[in-house]
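1. structure of the sequence below:
(one chain, ligands or ions: 2)
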Amino acid sequence: MEKIDWSELSFNYTKTKSNVRAYFRNGKWSDLEVSESDRFNMHISATALHYGQQAFEGLKAFRGKDGRIRLFRWQENAKRLQRSARGILMPEVPTELFRQAVFQVIEANHEYVPPYESGASLYLRPMLFGSGPTIGVKPSPEYTFVVFVVPVGPYFKEGFKPVRMLITREFDRAAPLGTGTYKVGGNYAASLASQRKAHELGFANVIYLDAKEKKYIDECGPANFFAIRGNQYITPKSSSILESITNKSLMTLAQELGMEVERRRIPEEELGTFDEVGACGTAAVISPISEIMDHMNQKVFRFCPDGKAGPVSTRLYNRLRAIQYGDSPDPYGWVTVMGFGQTAPSPEQPADESLPSKTVG
Ligand code: PLP
Ligand code: COI
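-> Ligands and ions are numbered 1, 2, ... in the order given. Sure thing, here's the model as predicted:
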């Protein structure tokens, strides 16, 4: 294994030791196989390549200060992949196959789970796609399920520092009755041009408005949007956004802080009334937002007057990270502690024996 500078990791691809794969043929799933190649041999007529019959997931494993590896809410990702599969007529990956795949790939690549001190993590990317030959527009006769892993640092290079976002009116990511609630590649292809435009204008990413009325806040690039006003945690309800597992977790943690949680439509003009706003997701964790620009309407909404994340976003971020890394108890059973791949506990920070909720392996 090549030496990795863990603290310098960004959200980029690094080849790891192996990935796992299973195939759906003749109506049933094969056993998992392990591959050390990061390539596929694909049929030129695979539906994934022509018609975007493809879905993916993203989840993370963290190394605690006790040296153990903790996987966050994998069951939710298994469920969401099943939902995406149903949405574009692919066979569901059974939860047990998903479990075996993610546990096996982490075990095989445990040396790539970054050390506690680095603040980095191991990102798991499950994928499901139509790999059989079809030329008409119809579901594939065969499917491939793959899980590979990549050690990663922050998604936005700013990490937990506030970023600027651009409201886009020229592009939609997904339509109200389209595929926005599924984690399918087409939604991300549809986001590339607007993202490039945001980058060219010096913004971290775009905020999409609802595609029908262009009135309500939808999503924030590849992350959900949330806002804090006084004792309220407010996040969009929309039929074109992905239901974020991070956002769901933050809603629970906000309630734990005694906050009221509201999931509802958020008109753009309400932005001016919020104390804090942010983007949240597995890759982004929480990305506080310092400015939202609506070029077309000549409006700018500013937050983080001192240039730092607001107090509530900071508390939520710290609480979530503490559960993920095993620094705090996990009262919700979100974390699965792996029974393999343990490294020596960090010498300055001895392990807290009382923390792990579930150990497997
Ligand atoms: N929205 C979009 C479009 C995403 O790609 C993601 C990332 O997965 C999210 C929201 C956040 O979801 P989660 O917290 O489950 O990663
Ligand atoms: C995630 O947060 O897991 C994502 O999938 C976002 C992005 C990298 C596509």
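2. for residue 162, which non-adjacent residue is closest in space?
-> residue 290 (3.4 Å; Cβ to Cβ, 6 or more residues apart in numbering). (Each C-beta comes from the backbone N, C-alpha and C, glycine too.)
3. what about the closest residue to residue 163 other than its chain neighbours, neighbour count?
-> Once flanking residues are discounted, residue 163 sits nearest to residue 204: 3.6 Å by Cβ to Cβ, 6+ apart. By other Cβ atoms under 10 Å, 24 other residues sit near residue 204.
4. quick check: phi and psi at residue 204.
-> Main-chain torsions, residue 204, degrees, to the nearest 10: phi -70, psi -40.
5. in the stretch 1-150 of the chain, what residue is nearest ligand 2?
-> At 2.3 Å from ligand 2, residue 58 is the closest residue in the stretch 1-150 of the chain, using Cβ to the nearest ligand atom.
6. quick one: the closest residue to that residue other than its chain neighbours from ligand 2, how far?
-> Excluding the flanking residues, the one nearest residue 58 by Cβ to Cβ, 6+ apart is residue 282, at 4.7 Å. Distance of residue 282 to ligand 2, given as Cβ to the nearest ligand atom, to the nearest Å: 4 Å.
7. you'd agree residue 264 is up against residue 233?
-> No. Residue 264 is not in contact with residue 233 according to Cβ atoms under 8 Å; the separation is 11.6 Å.
8. what about these two, which has more around it?
-> A side-by-side neighbour count of residue 264 and residue 233, using other Cβ under 10 Å, places residue 233 first with 23 against 10.
9. surely that one touches residue 248?
-> No. Counting by Cβ under 8 Å, residue 233 stays clear of residue 248, with 11.7 Å between them.
10. now the helices for the stretch 251-361 of the chain?
-> Per DSSP state H, counting those that start in this stretch, the stretch 251-361 of the chain carries helices over the ranges 311-325.
11. what does it put close to ligand 2?
-> 281-283 (Cβ under 6 Å from any ligand atom).
12. before we move on, back to that, residues in contact with the residue of the stretch 1-150 of the chain closest to ligand 2?
-> Counting by Cβ atoms under 8 Å, 6 or more residues apart in numbering, residue 58 makes contact with 77, 123-125, 281-283.
13. can you map out the helices along the stretch 1-150 of the chain?
-> Applying DSSP H, counting those that start in this stretch to the stretch 1-150 of the chain gives helices spanning 47-51, 74-87, 95-108.
14. quick one, phi/psi of the nearest residue to residue 322 once chain neighbours are set aside?
-> With sequence-adjacent residues excluded and distances taken as Cβ to Cβ, 6+ apart, residue 322 is closest to residue 328, at 3.8 Å. For residue 328, the backbone dihedrals (degrees, to the nearest 10) come out as phi -130, psi 160.
15. gap between residue 328 and ligand 1?
-> In this view, residue 328 and ligand 1 are 19 Å apart by Cβ to the nearest ligand atom.
16. same question, residue 321
-> 14 Å.
17. I'd like to know how far that residue sits from residue 188.
-> Separation of residue 321 from residue 188 (Cβ to Cβ, to the nearest Å) stands at 26 Å.
18. who has more neighbours, those two?
-> For residue 321 versus residue 188, neighbours defined as other Cβ under 10 Å are more numerous around residue 321 (17 against 14).
19. hang on, isn't that one packed against residue 285?
-> Yes. Applying Cβ under 8 Å, one finds residue 321 in contact with residue 285, separated by 7.1 Å.
20. quick one: the strands in the stretch 101-250 of the chain, in order.
-> Here the stretch 101-250 of the chain has its strands, by DSSP state E, counting those that start in this stretch, at 121-130, 143-152, 163-168, 205-209, 217-220, 224-229, 232-236.
21. residue numbers of the chain in contact with ligand 1?
-> Residues of the chain found near ligand 1 (Cβ under 6 Å from any ligand atom) are 58, 219, 222-224, 242, 244-247, 281-282.
22. export these to a markdown table and tack on pLDDT and distance to residue 259?
-> Formatted as a markdown table, the residues of the chain next to ligand 1 follow (pLDDT from 0 to 100; distance: Cβ to Cβ, whole Å):
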| residue | pLDDT | distance to residue 259 |
| --- | --- | --- |
| 58 | 98 | 26 |
| 219 | 95 | 22 |
| 222 | 94 | 25 |
| 223 | 96 | 20 |
| 224 | 98 | 17 |
| 242 | 98 | 23 |
| 244 | 98 | 17 |
| 245 | 98 | 19 |
| 246 | 98 | 16 |
| 247 | 98 | 14 |
| 281 | 96 | 20 |
| 282 | 96 | 22 |
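23. which one (most neighbours) among those residues?
-> Of the residues of the chain next to ligand 1, with other Cβ under 10 Å as the count, residue 219 tops at 27 neighbours.
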